[in-house]
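In: what's the 3D shape of this:
(4 chains)
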Number of protein chains: 2
Amino acid sequence: MSKTKPFPPTLKQLLLKGNEQIHPGVSVDCVIFGFHENVLKILLLEVKQANIWSLPGGFVLKNEEVDDAAYRVLALRTGLDNIFLQQFHAFGNPNRSDVTFHQLKFQEYGIKIPKDNWLTQRFVTVGYYALIDFSAAIIKADSYDSTYAWVDVQKIGTLMMDHNFIVEKALETLRTQLAYLPIGKNLLPKKFTMPEIQKLYETILNKKLDRRNFQRKMLGFGIFNKLNETRKGGAHKAPFLYTFNDKKYQKALKDGLYGSW
Amino acid sequence: MSKTKPFPPTLKQLLLKGNEQIHPGVSVDCVIFGFHENVLKILLLEVKQANIWSLPGGFVLKNEEVDDAAYRVLALRTGLDNIFLQQFHAFGNPNRSDVTFHQLKFQEYGIKIPKDNWLTQRFVTVGYYALIDFSAAIIKADSYDSTYAWVDVQKIGTLMMDHNFIVEKALETLRTQLAYLPIGKNLLPKKFTMPEIQKLYETILNKKLDRRNFQRKMLGFGIFNKLNETRKGGAHKAPFLYTFNDKKYQKALKDGLYGSW
DNA sequence: GCTTTATTGCGTTATAATGACACAATCTAA
DNA sequence: TTAGATTGTGTCATTATAACGCAATAAAGC
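Out: Numbers count the residues shown, from 1 in each chain, chains lettered A, B, ... in the order given. Prediction:
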C-alpha cells in the first residue's frame, strides 16, 4: 500500500524536473483527525515564509495510484501505516490553486518559478480524511514547511487556498458516515471508556447526547468487548474500559451498522 | 453552471492542440441513470471502431470547474440542464487509462498518436452520477462515438477501461444515499404512482419491499402531494398519482430525511 | 476517617418506528 | 358478468428511541 521513498530530493529539482515524475494536475490533501483530551483535532502544517497554515498534502507520482499518494503523505507525516483513510471529494475549482504559495517557497532559495512551469497550473486535489490514534502518531514536518500543530476543529483559522472548504467537507462526510460506519476504532486508544467515545461522537456531531441512551445504542451494535477494568483517576466513579471486537468491527465496517431499508 | 460551447472542433486539433485547452490529467465520467418501464438504466455510448461500450465522459478544460465539465457532458448528451448531478468518487489507478482506445479512434483518420502526446498519459477521472427523467432526455451521440443505448443496470456487459468499476461505485453510492436523500424526483415523471416509485427503490436496492410499509414510510417523509387522479390502464385497481412537493423536497434534499442521531 | 460532589452503572416508562399480515375495493380482460 | 390481479387502508406485535430515576463509587475537602 504505502511506498515511502523520499520525494523529491531537493526543491530545485522539484521545480525543474518535477514534471518528469509528477502527475500533472492532480494532488492529494489529507484531513487527519485525531482525538486528544476530549477534543477533535486536525493536523495542520505551517508553510514556511508564507506564514499560513495548510493541510498536509502532496503530489501524485506519474505511476502512482492516487490512493497510494494519500497513504504516502499520511505515512510521511504521522509515521503511521495501515490506517483508516478514505477519499471523500475531489476539488476542482479553476481558481483554487495559488501560485503565490509556491513563489514564496522558492524565493527563499533564490529561485523564480517560470511562467509556464508545471507548478503554475491548476491542480485538482483529491481530499482524503484519516482517523488516527493521536497517541501513536509521531509527526514530522519537512523542508517545505516549518511547524505542525494539532488544532481543535472548532478553532481553525484561515487556511491556505481552499483548505477551509476541504476541512468543512471532510467534517460533513464524517458526520454522515457516523450514521452507518463504526467510527472510533482509529481515533481512540485501544482501551477506552463510554464517556470517552461519547465525547468523540458529541464533538463530531456538535451536539449533546444522552449518556444512557448513547451507551445502549453503542452496545447494541455489538462491536465492543467490555473489560473487567475501570479507568480510575477522575474524581468520580470509575467507568469501565472497552475495546473494539476486531472481528465484529471489521464486519460492521463492511456491512454498515444499519441498513434501514 | 453549464457552458455548452462545442469542443473540440476536430479530432486532429484535439490531438495536436488539445493540451493547450484541456487540463492535463483530469477527466470526468458520468453515470446517467434513467428509469423506464420499471427498469433502472444507464446511458452508454459505443465507441466507434473500438467496438466497446463506455460511459459518457469528457475532458476538463483548463479554466473549467470540474463540476462544470460534468454538467457540460451531461447537457451535451442529454440536452438536459439543471439536473441532479453529484460527484461520487475520483478514480486514480495508474493503469486505468487505455491508449488503445484513442489509437483506434485516430487510426480511422490516418493519424497516429505520438508517444509523448498528452493523450497517452494517465488521466484521473472524477465520477459523477446523474438522475434524469428518461422521457425528457434527447440523447446525442457525436463524432467520437457512433451509437448510444439505455442499458438495464442488471445487464451491463464489459465496458471500456475501468467503467464497470465506476458504475458499481455509482450504484453503491446511490444505495447509500437512498437512506437519507429523497431520490426519485429526477428519475420519475412529474406524476407517478406508489407502485412506480416502489419499483424504483426495489431496483436500486435490489430487494423486495413490502408495499404497505413502503407507502407508509414514503408518505411519512411528507414530500409528496397526493393527486385526485388515478393511473388507469393496468388490468387492476388504478393507483393514485402523486407529485413531489417541491418546497418540502428541496428542504429534504438539504437537511436529509433522517438524522438518526 | 467521614462527608460531599460529580459521575457512572443499570435500570423504567412512554412514545414512535418497523415488520408482518388481513380484507375490502376496483380496474380490465376474458 | 365474472375472474384475477392489484391497490387502499388498517391492525397488531415487536423493536427502537427519547426522557428520566436512583443507587453505587472514586477522589477531594474537612
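In: strand partners (parallel or antiparallel) of the helix or strand where residue A:33 lies?
Out: Residue A:33 is part of strand A:22-36, with elements assigned from DSSP states H and E. Sheet pairing of strand A:22-36 (DSSP bridges) gives strand A:39-47 (antiparallel), strand A:57-61 (antiparallel), strand A:124-131 (parallel).
In: tell me the helix or strand right after the second one.
Out: Next helix or strand after strand A:57-61 toward the C-terminus (DSSP H and E): helix A:66-78.
In: mind checking the SS state of the spatially closest residue to residue A:156 that is not a sequence neighbour?
Out: What sits nearest to residue A:156 in space, not counting adjacent residues and going by C-beta to C-beta, 6 or more residues apart in numbering or on different chains, is residue A:167, at 6.4 Å. In this view, the C-beta of every residue, glycine as well, is placed from N, C-alpha and C. For residue A:167, the assignment made with DSSP: H, G, I helix; E, B strand; the rest coil gives helix.
In: just list whatever residues bridge to residue A:44.
Out: Beta-bridge partners for residue A:44, by DSSP bridges, are residue A:149.
In: of all the strands paired with strand A:22-36, which one comes closest to residue B:221?
Out: strand A:124-131 (29.6 Å; C-beta to C-beta).
In: what's the offset of the closest one from the middle of its chain?
Out: From the chain centre to the centre of strand A:124-131 is a distance of 7 Å (C-alpha atoms, centre = their mean, to the nearest Å).
In: report the inter-axis angle for it versus helix B:66-78.
Out: Strand A:124-131 and helix B:66-78 are oriented at 120 degrees to each other (axes from the mean of the first three to the mean of the last three C-alpha atoms, to 10 degrees).
In: quick revisit: relative to DNA strand C, which of the strands paired with strand A:22-36 is closest?
Out: Proximity to DNA strand C (C-beta to the nearest atom of the strand) singles out strand A:39-47 among the strands paired with strand A:22-36, at 15.9 Å.
In: what's opposite the residue sitting nearest the centre point of chain A in the beta bridge?
Out: The centre of chain A sits closest to residue A:32, judged by C-alpha atoms, centre = their mean, with a distance of 1.6 Å. Counting by DSSP bridges, residue A:32 is bridged to residue A:130.
In: give me the distance between it and DNA strand C.
Out: 27 Å (C-beta to the nearest atom of the strand, to the nearest Å).
In: contacts only, for that residue.
Out: By C-beta atoms under 8 Å, 6 or more residues apart in numbering or on different chains, the contact list for residue A:32 reads A:42-43, A:56, A:74, A:77-78, A:129-130, A:132.
In: can I get the strands paired with strand A:22-36 in a markdown table including distance to residue B:89, mean pLDDT and mean neighbour count?
Out: Shown next, in a markdown table, are the strands paired with strand A:22-36 (distance: least, C-beta to C-beta, whole Å; pLDDT from 0 to 100; neighbours: other C-beta atoms under 10 Å in any protein chain shown):
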| stretch | distance to residue B:89 | mean pLDDT | mean neighbour count |
| --- | --- | --- | --- |
| strand A:39-47 | 22 | 92 | 21 |
| strand A:57-61 | 16 | 93 | 24 |
| strand A:124-131 | 9 | 97 | 26 |
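In: for those, which one sits closest to residue A:10?
Out: For these, proximity to residue A:10 was assessed by C-beta to C-beta; strand A:57-61 is nearest, at 14.7 Å.
In: other residues contacting the closest one?
Out: Strand A:57-61 has contacts (C-beta under 8 Å, 6+ apart) with A:7, A:18, A:21-23, A:26-30, A:66, A:69, A:72-73, A:76, A:123, A:125, B:92, B:124.
In: just the buried residues from the residues you listed, in PyMOL please.
Out: To isolate the buried members of those in PyMOL, using 16 or more other C-beta atoms under 10 Å in any protein chain shown:
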select buried, (chain A and resi 7+18+22+23+26+27+28+29+30+66+69+72+73+76+123+125) or (chain B and resi 92+124)
